[in-house]
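pasting the sequence and the predicted model now:
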Amino acid sequence: MMSPEFNLVLPESLPEALAALADHAPDVAPWAGGTNLQVDLRGGSYRVGTVVGLDRVAGLDEIRRENGSVHLGARVTLADVLREPLLKEAGPSLVESAWHFAGAPIRNLATVAGNVAYGSPAGDAVPPLMALGAEVVLESKGGTRAVPMEGFFMHVRKTVRQPDELITALRWPVPPTHSAEAFYKLGLRKGDAISVVCVAVQLVRGEDGGCSQARIALGAVAPIVIRAHEAEIKLVGEALTPSLIGEAAREAAEECSPIGDIRGSAAYRRRMVEVLVSRTVTQAWNELVGV
Amino acid sequence: MEPRTITLTVNGRRQATSLMPNTTLLDALRSLGHFDVKNGCEKGDCGACAVLLDGKTVNSCLVLAWQAEGHVITTVAGLGTSENPHPVQRAFVKSGGIQCGYCTPGMIISAVSLLRENPDPSKDDIRHALGGNLCRCTGYTRIFTAVQTAAAEMARE
């Protein structure tokens, strides 16, 4: 079956790509891996006049360390994330999410930036990036801006990206020395599954031995991926104990607003948020204190 | 929307064809006679249409044909011949890793891609590599056996 008609532009440089987006905006969509876009075009849930393919644009496939930050280019695929040694240290929760992401044929096409751009609450790359404190780098003919992950999503499939803007990179601070990340995806099967609940955390341990910073990001339990701020507040300033972690996990379950669907009821999702926040925070803390 | 004549390199052969921009690589390959590439779900779930693009497994239903120009495409028929099959193809026959056969081309493509990157995979590695290929007949057991058999045979060769 054919998709509805569209024009395909295949620019060879970033300025050309940004010019193409500007020329055709708002009836234009960038195509990085295309694994969501093609499905929506073919299924008829989305129509667009012009598609700008990024495959030939040079310089968008880099993962590098730059001034204390990790820079991950727009064309980096989930398979690239699994192969990149730098990310084992500087983004272990993102690597973990890439391992559980769809299946191999998708991981070779789908990009991390595309997963962010799509704005699904069940985009599995988003919670790790949010817990790592990432920002989204948006470029257009008019200039460049960086938006923190928490400010990028507005509603299901709605983001602050303008039609003439391209996510050119994702950027986050290299995790500090005494920090640990954890990730858990609950799906109905191990591969090729959409998250029922997805949790990513980053904890930092201060010089006094307590938890000095906590970020908890929850996927698939609200219209957008959210931070569990109240739960984080419970954790900061203390050496973590099972009872404290339990309190924070209950707080996180209060903070989310899941729906019920074919993958799980709202009540089940809320309960799993509690279980999985407790599990991931415990895992990260144990790593920090050397258990 | 205007068609364009593009050249695809499939199993070592260059084939020119005029295609619309919204034509998928899957449709292009089948229109060029490569019926060994199967059309399953057309949304990247089932892996029946998997081919190697520059050596990497991709769902050809999610790639636009224009984007595949200039890249090397290998379908399951490009891996071996009836007289001289690829060790993975041989192992699927020997282990009975085939029932209706519809998922087999994609399964073999994914298995070959796995064994090129990881010649000695664990059971988990095999499951992980085949996670994007659905089989509704076999229960997967003999498919795993086939991949293990192929890995062992390729290690001996």
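Alright, I've got the coordinates. Residues are numbered from 1 along each chain as shown, chains lettered A, B, ... in the order given.

which residues are in contact with residue A:226?
By Cβ atoms under 8 Å, 6 or more residues apart in numbering or on different chains, the contact list for residue A:226 reads A:217, A:218, A:255, A:256. C-beta coordinates here come from the backbone N, C-alpha and C atoms, glycine included.

in helices, which of these appear?
Within these, residues falling in helices by DSSP state H are residue A:255.

between the contacts of residue A:226, which is nearest residue A:197?
residue A:218 (7.3 Å; Cβ to Cβ).

just list whatever residues bridge to that closest one.
Going by DSSP bridges, residue A:218 is paired in beta bridges with residue A:199, residue A:226.

hang on, the earlier thing: can you lay out the contacts of residue A:226 as JSON lines showing pLDDT?
Formatted as JSON lines, those follow (pLDDT from 0 to 100):
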{"residue": "A:217", "pLDDT": "98"}
{"residue": "A:218", "pLDDT": "98"}
{"residue": "A:255", "pLDDT": "97"}
{"residue": "A:256", "pLDDT": "97"}
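
and the residue of the stretch 51-200 of chain A found nearest chain B, its phi and psi?
Closest to chain B within the stretch 51-200 of chain A is residue A:103: 1.8 Å, counting by Cβ to the nearest Cβ. Dihedral angles of residue A:103 (phi, psi; degrees, to the nearest 10) stand at phi -130, psi 170.

tell me where chain B has helices.
Under DSSP H, chain B gives helices at B:25-31, B:87-95, B:104-117, B:123-129, B:141-156.

any residue of stretch A:65-77 up close to chain B?
No. Applying Cβ under 8 Å from any Cβ of the partner chain, one finds stretch A:65-77 out of contact with chain B, separated by at least 9.0 Å.

can you tell me what sits against that stretch?
A:32-33, A:54-55, A:57, A:59-64, A:81, A:86-87, A:90-91, A:107-113, A:166-174.

how about it: buried residues?
Across stretch A:65-77, burial judged by 16 or more other Cβ atoms under 10 Å in any protein chain shown covers A:69, A:70, A:71, A:72, A:73, A:74, A:75, A:76, A:77.

work out for me the element the second one sits within.
Under DSSP states H and E, the secondary-structure element containing residue A:70 is strand A:69-73.

in the helix or strand just after that strand, what's buried?
Remark: after strand A:69-73, the chain's next helix or strand is helix A:78-83, criterion DSSP H and E. Within helix A:78-83, the residues that count as buried by 16+ other Cβ under 10 Å are A:78, A:79, A:80, A:81, A:82.

near chain B too, which of the residues you listed?
Answer for those near chain B (Cβ under 8 Å from any Cβ): residue A:79.

which residues of the stretch 1-150 of chain A lie near chain B?
Checking the stretch 1-150 of chain A against chain B by Cβ under 8 Å from any Cβ, the hits are A:1-8, A:10, A:31, A:33-35, A:38-39, A:41-43, A:51, A:53, A:55, A:79, A:99, A:102-109.

6 Å - rerun?
Residues of the stretch 1-150 of chain A lying near chain B by Cβ under 6 Å from any Cβ of the partner chain: A:2-3, A:5-8, A:34-35, A:38-39, A:53, A:55, A:103-106, A:108-109.

what about the contacts of stretch A:65-77, which are in helices?
Using DSSP H, the contacts of stretch A:65-77 in helices are A:81, A:86, A:87, A:90, A:107, A:112, A:113.
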